[in-house]
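Enquirer: Need a 3D model of the following:
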Amino acid sequence: MLYVVDLLKKLGIADRVSHCLVNTAYANSQAMSFIKANGVHQVMVPTGVKNAHPVVQDYDVGANDEPNGHGTICVKWDKLDQALRGLEDRIEARKLRALLRISNLYVGDAIANLLMVEAVLRDTDQSIDAFSGMYQEFPNKMYKAVVANRASFRTTWDESRLVDPAALQNSIDRFASEVEGGRAFVRPSGTEDILRLYVEAKNQLDVEILAEHILAEIKTKYYYYEPNQSS
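Expert: The predicted model follows:
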């Protein structure tokens, strides 16, 4: 998307071709900050392709990529062709068309995604080391807590914050503010009576400390039985 936006700007049509990178709350905060700093419009949605894909399709060039590997790219070729009218012979236009035609609108085509990355690196004369060093993700880890009724935990639409119980969200905010780069969120599983906890911080030790505080809060006030034990 950085490459696409750069080509659109060089062609002078960035304001006429809507574009977006769709993320979920599981995207690392460093990735989201990097994307924002480089002028890529992004939207956060609940986890799952069923939530991301409709948003992707709203844009002339839309993409989503989840940490679990699910992702896709959609292009409204009629809108793009209209914006490129009269610019077809520009090298930037030819590169844009060629790159987007590598993409596969079906979710999870890792080969197509890999070929797109290879094409971008080759054209920008970047090594894979330079690519992997564009930004550094914060350490992060997933946890779970077993509860009797996951329906009693409600989140905002994008699942990044709890609406209810508000007291637990307040505790998460307080604990996260006490460690550098702290970020955490809790969401009910879509398939099990458990809460899924995502935690990240600037260093691994703080990830563990932050997780311990949040899990202790859940266990003390909201926990109903231990994992792997009968209720």
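
Enquirer: which residues are in contact with stretch 90-109?
Expert: 3-4, 7-8, 10-11, 49, 53, 61, 69-75, 80, 84, 87-88, 112-113, 115-116, 119-120, 123 (C-beta atoms under 8 Å, 6 or more residues apart in numbering). Just so you know, the C-beta spots here come from the backbone N, C-alpha and C atoms, and that holds for glycine as well.

Enquirer: Strands - which of those land there?
Expert: 61, 71-75 (DSSP state E).

Enquirer: May I see the residues you listed organised as JSON lines, with distance to residue 219, neighbour count and pLDDT added?
Expert: Output for those, formatted as JSON lines (distance: C-beta to C-beta, whole Å; neighbours: other C-beta atoms under 10 Å; pLDDT from 0 to 100):
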{"residue": "61", "distance to residue 219": "45", "neighbour count": "23", "pLDDT": "96"}
{"residue": "71", "distance to residue 219": "35", "neighbour count": "21", "pLDDT": "80"}
{"residue": "72", "distance to residue 219": "39", "neighbour count": "23", "pLDDT": "85"}
{"residue": "73", "distance to residue 219": "42", "neighbour count": "23", "pLDDT": "90"}
{"residue": "74", "distance to residue 219": "43", "neighbour count": "18", "pLDDT": "92"}
{"residue": "75", "distance to residue 219": "48", "neighbour count": "21", "pLDDT": "95"}
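
Enquirer: so where's the chain shaky on pLDDT?
Expert: 108, 223-231 (pLDDT under 70).

Enquirer: tell me the domain ranges of it?
Expert: 2-132, 140-221 (automatic domain parsing).

Enquirer: Can you show me the CA trace of stretch 1-17 as CSV?
Expert: These are the backbone C-alpha positions of stretch 1-17, laid out as CSV (Å, rounded to 0.1, in the frame of the first residue of the first chain):
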residue,chain,number,x,y,z
MET,A,1,0.0,0.0,0.0
LEU,A,2,2.9,2.4,0.6
TYR,A,3,4.1,1.7,-3.0
VAL,A,4,0.5,2.1,-4.4
VAL,A,5,0.0,5.4,-2.6
ASP,A,6,3.4,6.6,-3.8
LEU,A,7,2.5,5.9,-7.4
LEU,A,8,-0.9,7.5,-7.1
LYS,A,9,0.8,10.7,-5.7
LYS,A,10,3.3,10.8,-8.5
LEU,A,11,0.5,10.5,-11.0
GLY,A,12,-1.4,13.3,-9.2
ILE,A,13,-4.5,11.2,-8.7
ALA,A,14,-4.2,10.2,-5.0
ASP,A,15,-7.3,12.4,-4.2
ARG,A,16,-9.3,10.6,-7.0
VAL,A,17,-8.5,7.0,-6.2
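
Enquirer: in it, what's buried?
Expert: By neighbour count on 16 or more other C-beta atoms under 10 Å, the buried set for stretch 1-17 is 1, 3-8, 11, 13-14, 17.

Enquirer: Kindly present those as JSON lines, with separate columns for distance to residue 220.
Expert: Output for the buried residues of stretch 1-17, formatted as JSON lines (distance: C-beta to C-beta, whole Å):
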{"residue": "1", "distance to residue 220": "43"}
{"residue": "3", "distance to residue 220": "48"}
{"residue": "4", "distance to residue 220": "48"}
{"residue": "5", "distance to residue 220": "47"}
{"residue": "6", "distance to residue 220": "50"}
{"residue": "7", "distance to residue 220": "53"}
{"residue": "8", "distance to residue 220": "51"}
{"residue": "11", "distance to residue 220": "57"}
{"residue": "13", "distance to residue 220": "56"}
{"residue": "14", "distance to residue 220": "51"}
{"residue": "17", "distance to residue 220": "51"}
